[in-house]
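Asker: Sharing a model prediction with you, sequence too.
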Amino acid sequence: MPAELVANVVVAGVLTGLVYGLMALGLSVIFGVVRVVNFAHGEMMTVAMYAATVLFAALKLDPFLAILPAAAAFFVFGYVLQAAVVNPFITRPEHSQFMLLVAIAIILVNGLLMIFGPDAKNVQVDYQLDSIEIGKLLVDKPRAYAAGAAVLTALALFAFFRFSLIGKAIRACADNHLGALVVGLNVKHLYALTFGLGSLCVAVAGCAMVVLVDVTPPLGPYYTLLAFVIVIVGGLGSMAGALLGGVLIGVSEALAGLFIEPSAKSMFSFGLLILVLLFRPQGLLGKRA
Amino acid sequence: MDRRQFTKSAAALAAAASFPGIVAAQAQKLKVGVILPRSGYLGFIGQSCQKGADLAPGVIKELLGVDIELMNADFESNVDTARTRAERLIQEGANALVGAFDSGASTAIAQVAEQRGIPYIVNIAAAPQITEQGYKFVFRNFQTAGDIVRNGLDLIGELFQATNTVPRTAVYMHVNDTFGQAVTKGIQAVLPQRTQLPFKIVDTISYDPAAKDLTVEVSKAKSTNADFLLLVCRLNDAIALRREMVKQRWNPMGVISPGSPGMYEEQYFKSLGKYSEYSISNVPWYNPNAKLTKIVEKAFVKQNPKEKLVFHGLNAGFTFEAILIAADAFKRAKSTDPKTLADAIRQTNITDKMTLGGPIKFNPKGQVEGIGSACVQNLELVPKVVLPTAAAEAKPVFPAPYYKT
C-alpha cells in the first residue's frame, strides 16, 4: 500500500478526530465538575450545526465566523439550562438525571424536525471542496480549519482552567465539593458556568462540523454516542483525555477502513472501547476512582 | 335550508334507505397504505416518491373514476419501523400497501403483508428475494437487482460504443445494505458473461449507507488508478462521495452507476451544483413522451409549482404506478376483500403506462417483467436520457471533462 495513501488517511483521521475531541471535551468538562452526564450532548451539537446553517443562509456568515455568536448563545443557553433545569437534579438519583437529559435530547430532536423538517441542511462556502497540497499530502482545507478551531478552543479552555481565578474555583469544586462550599464558593453559579463552557465547546464543534457533514435532526443521537465512546476511551472527566480519545477514534476508524473494511470501520471504535473498559476502565488519561 | 333543498335531501335519504347496497358501493373507497422513508438518510428519496403518491388520488379519479384514500406512513429509513408501520396501517384498515423504496424495508413489509393477507405492491426495491418467497399477496412493478444489473451493464457497453472509448479498469464502490449487496451479487454473476465489456474490476469497496465521511473509501478507490468508478449508491452518500472526489482531486473518466438511485435526484444537483455534471446512471426510467406521463406531469406541476418532474420521474412515476395498479384491480374486483383484490392484481394488464418497457403484467411470482432502463447523464444540471438512442435527449459525454474546468 502506498505510503502517501496511508499518510493522507492518517492526517484526515487526526483532523476529524480533533473536532470529535472538542465535542467530547464539552461532555468531559461537564461531567468532571458537575458530575452529570449530558445525554443531550450530540443533540445540542446538532442545534449548533443548524444555527450555523441559519446564520449562513440569512447573513452569509462563514461557519467559522459564526462560532463567535453561536458560542456566546450556547454559553448562555448552557448556563440557564444548568441553573434552571439540571441543578435541582444534581442530588437526585442518576436515573432521574438520565431521564431528564434524555427528555431534553428528545425535545431538541423533535423541535429541529418541526422547525427544519427532515431534509439535510448544509453550508456551501467557497473553500468547501478545496485542498492544501503539502508535498504528496493532500489536506482537506475545511477539515484543517475545523481542526484548527478545535485546537484553539481546547487551548483556550485549558488556559482558562489553569490560570484564571474562576477556572481555579471550578477545579476546586470538581476536586472537593464540600471544601468549595466551606470556603464560600458559589458552587451553583460555578456549576452553571461549567455547563455553559461545555455548551460553548459543543457550539464551536458544531460550527466546525457543519462544513464537513450535512446536518439532519437524527444526527444528534449518533454524536452523543460518539462523544461517549471518546470520553470513555480518553477518561471521563479528563480534558486532555477527550482530545486524545477523539484523535484515537478518528485515526483508528480511518486505518481500519483502509486496511480492513471501510463499511466496518465504526466497529473498530467500539472494539477500542471494549478494550479500554476491560484493561483500563478509568480511560487512558482518567483517574482511578 | 329552504323548502326545495329540504325536499331534495329527504328524497335522497329515502332513496338511500331503500337501496343500502348501492349506497355502500358508491361510498366505498380503496384505502391504500403508503409506506415511505420520508425522514432519515433516505428522506429525500422518500419525499420524492411521496409526490407521486400525493397526485395519485386525483389523477386516478379522472382516469378510472375510482376513489382512493391514502394512508401515509414514514418509516424513518429504519427497517424495524417499516414493519411496525405496516402492522399499524393494516390495523387501521388499509386495503392495500404500497412502498417502500428500500429493499430491506420492502422485505419486512412483504412478510407482514403476507402474514396478514393484505396485497402489497412494491413501488421501488430491487432485492430479488422479495418476489422469490412464494408469497401470494406481494407484487412488484420494478426491476429486480439482476435485471437492473443486466440492463445497466448492457447500457455501459452501448455507452462505450457510442463514445468510442475503451476503459480497461473500474473500481467498484457500493453501499453495504440489502440493495447494495443484491446488486453486487448481480454484478458478480452477470459481468463474467458480458465478454464484450472491455474493463475488469480492480477493487471492490463497500461502505456504510449512513456514513458521514467517505475520505478513506475515496482515498482507497483513487489509489487503484482505475479508469472509471462503477458506483452503486444512495443519495446522501453519493453527494458525500462526489465532494470527496473533488477534494482529493480524483478525476476518473467518469462515474457510472449500473443501476442505483442518488445521482439523478434533485438534491444531488442542489448540493453539488456544477460538480453534479456528467455523472451517469443506468436506471429504470420514465418515458417522457408517454400519454400518461403528460397527465401525471400536469398534476405534478399543479401540486408542486416550483418543481420539475424530471427530478422525480423515477420515484414519483413508479410510486404512482403502484397505486394505479391497486386502483385498477379495485375497479375490476369491485371489492376491497384482500383475496379478491390480490386475484385482480394478478390479472393486471396496464398498457397505458408512464415508465419505460412493456405492459404491467405480473408473472406467477408477482413480478412485472420487461421494465426498461435508460442511460441517464447529468447535463446542464438536469438528468437527460442519452441512451438508448431512440429515446435520447442528448449525446453522452464520456470521458467527463476535468471538473476544475
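Answerer: Looks like it arrived, so ask away.

Asker: can you tell me which residues contact residue B:106?
Answerer: With contacts defined as C-beta atoms under 8 Å, 6 or more residues apart in numbering or on different chains, the neighbours of residue B:106 are B:82, B:99-100, B:122, B:125, B:127, B:130. Any C-beta I mention is one placed from the backbone N, CA and C, and that applies to glycine too.

Asker: Just the element for it, please.
Answerer: helix B:103-116 (DSSP states H and E).

Asker: Kindly report the same for residue A:14.
Answerer: Residue A:14 is located in helix A:3-34, with elements delineated by DSSP H and E.

Asker: what helix or strand is the residue of the stretch 251-400 of chain B found nearest chain A on?
Answerer: Nearest to chain A, among the residues of the stretch 251-400 of chain B, is residue B:271, at 6.6 Å (C-beta to the nearest C-beta). Per DSSP H and E: residue B:271 is located in helix B:266-272.

Asker: Likewise for residue B:33?
Answerer: For residue B:33, the element it lies in under DSSP H and E is strand B:30-36.

Asker: CA-only coordinates of stretch B:323-330 in PDB, if you can.
Answerer: Output of stretch B:323-330 as PDB, limited to C-alpha atoms (Å, rounded to 0.1, in the frame of the first residue of the first chain):
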ATOM      1  CA  ILE B 323     -51.200   3.000  -6.700                       C
ATOM      2  CA  LEU B 324     -52.600   2.800 -10.200                       C
ATOM      3  CA  ILE B 325     -52.200  -1.000 -10.100                       C
ATOM      4  CA  ALA B 326     -54.100  -1.200  -6.800                       C
ATOM      5  CA  ALA B 327     -56.900   1.200  -8.200                       C
ATOM      6  CA  ASP B 328     -57.200  -0.700 -11.500                       C
ATOM      7  CA  ALA B 329     -57.500  -4.000  -9.600                       C
ATOM      8  CA  PHE B 330     -60.100  -2.500  -7.200                       C
END
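
Asker: re earlier: from the chain's centre, how far out does the strand holding residue B:33 sit?
Answerer: 16 Å (C-alpha atoms, centre = their mean, to the nearest Å).

Asker: Against which helices or strands is that strand packed?
Answerer: Packing partners of strand B:30-36 (3 or more C-beta pairs under 8 Å, 6 or more residues apart in numbering or on different chains; DSSP states H and E): helix B:43-64, strand B:68-74, helix B:79-91, strand B:96-99, helix B:313-333.

Asker: what ranges of chain A fall below the confidence cut-off?
Answerer: A:288-289 (pLDDT under 70).

Asker: Spell out which parts of it neighbour chain B.
Answerer: Proximity of chain A to chain B (C-beta under 8 Å from any C-beta of the partner chain) is limited to residues A:1-2, A:5, A:8-9, A:12, A:16, A:113, A:118-120, A:122, A:124, A:128-131, A:138, A:140, A:212-214, A:216-219, A:222, A:253-254, A:257-258, A:261-263, A:265-266.

Asker: Relative to residue B:379, how far out is the residue lying closest to residue B:382 once chain neighbours are set aside?
Answerer: Excluding the flanking residues, the one nearest residue B:382 by C-beta to C-beta, 6 or more residues apart in numbering or on different chains is residue B:310, at 5.6 Å. According to C-beta to C-beta, to the nearest Å, residue B:310 stands 12 Å off from residue B:379.

Asker: The helix or strand residue B:183 falls within: which residues count as buried?
Answerer: According to DSSP H and E, residue B:183 maps onto helix B:178-190. Buried residues in helix B:178-190, counting neighbours by 16 or more other C-beta atoms under 10 Å in any protein chain shown, are found at B:178-184, B:186-187, B:190.

Asker: Specify which member of these is nearest to residue A:168.
Answerer: Nearest to residue A:168, judged by C-beta to C-beta, of the buried residues of helix B:178-190 is residue B:180 at 54.4 Å.

Asker: residues touching the residue of the stretch 201-350 of chain B found nearest chain A, list them.
Answerer: Among all residues of the stretch 201-350 of chain B, residue B:216 sits closest to chain A, at 3.6 Å; criterion: C-beta to the nearest C-beta. Taking C-beta under 8 Å, 6+ apart, we find residue B:216 in contact with A:9, A:12, A:253-254, A:257-258, A:262, A:265.

Asker: Mind picking the two most distant members of the buried residues of helix B:178-190?
Answerer: The span of these, defined through C-beta to C-beta, is set by B:178 and B:190 at 18.5 Å.

Asker: picking that back up, if I've got this straight, the residue of the stretch 201-350 of chain B closest to chain A is in a helix?
Answerer: Yes - according to DSSP: H, G, I helix; E, B strand; the rest coil, residue B:216 belongs to a helix.

Asker: What strand or helix carries the closest residue to it other than its chain neighbours?
Answerer: The shortest distance from residue B:216 to any non-neighbouring residue, by C-beta to C-beta, 6+ apart, is to residue A:257 (3.6 Å). Taking DSSP H and E as the criterion, residue A:257 maps to helix A:239-259.

Asker: got the buried residues for that helix?
Answerer: Buried residues in helix A:239-259, defined by neighbour count with 16+ other C-beta under 10 Å: A:239-258.

Asker: okay, now residue 152: neighbour count?
Answerer: If you meant another chain, say so; for now it's chain A. When counting by other C-beta atoms under 10 Å in any protein chain shown, one arrives at 13 neighbours for residue A:152.

Asker: right idea, wrong chain: chain B
Answerer: By the criterion of other C-beta under 10 Å, residue B:152 has 28 neighbours.

Asker: can you check residue B:389 too?
Answerer: Applying other C-beta under 10 Å, we find 12 residues neighbouring residue B:389.

Asker: Show the contacting residues for the closest residue to it other than its chain neighbours.
Answerer: Distances taken as C-beta to C-beta, 6+ apart put residue B:162 closest to residue B:389, at 7.6 Å, once the chain neighbours are dropped. Applying C-beta under 8 Å, 6+ apart to residue B:162 gives the contacts B:386-387, B:389, B:395-396.

Asker: about what we covered before: strand partners (parallel or antiparallel) of whichever helix or strand comes after the helix holding residue B:271?
Answerer: Note on helix B:266-272: by DSSP H and E, the next helix or strand toward the C-terminus is strand B:280-284. Under the criterion DSSP bridges, strand B:280-284 sits next to strand B:255-257 (parallel), strand B:373-379 (antiparallel) in its sheet.

Asker: Kindly reformat those strands as a markdown table containing distance to residue A:162 and mean neighbour count.
Answerer: Output for the strands paired with strand B:280-284, formatted as a markdown table (distance: least, C-beta to C-beta, whole Å; neighbours: other C-beta atoms under 10 Å in any protein chain shown):
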| stretch | distance to residue A:162 | mean neighbour count |
| --- | --- | --- |
| strand B:255-257 | 50 | 25 |
| strand B:373-379 | 54 | 25 |
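
Asker: residues contacting residue A:147?
Answerer: Contacts of residue A:147 by C-beta under 8 Å, 6+ apart are A:14-16, A:18-19, A:208.

Asker: Residue B:272 too?
Answerer: Residue B:272 makes contact with B:239, B:242-243 under the criterion C-beta under 8 Å, 6+ apart.
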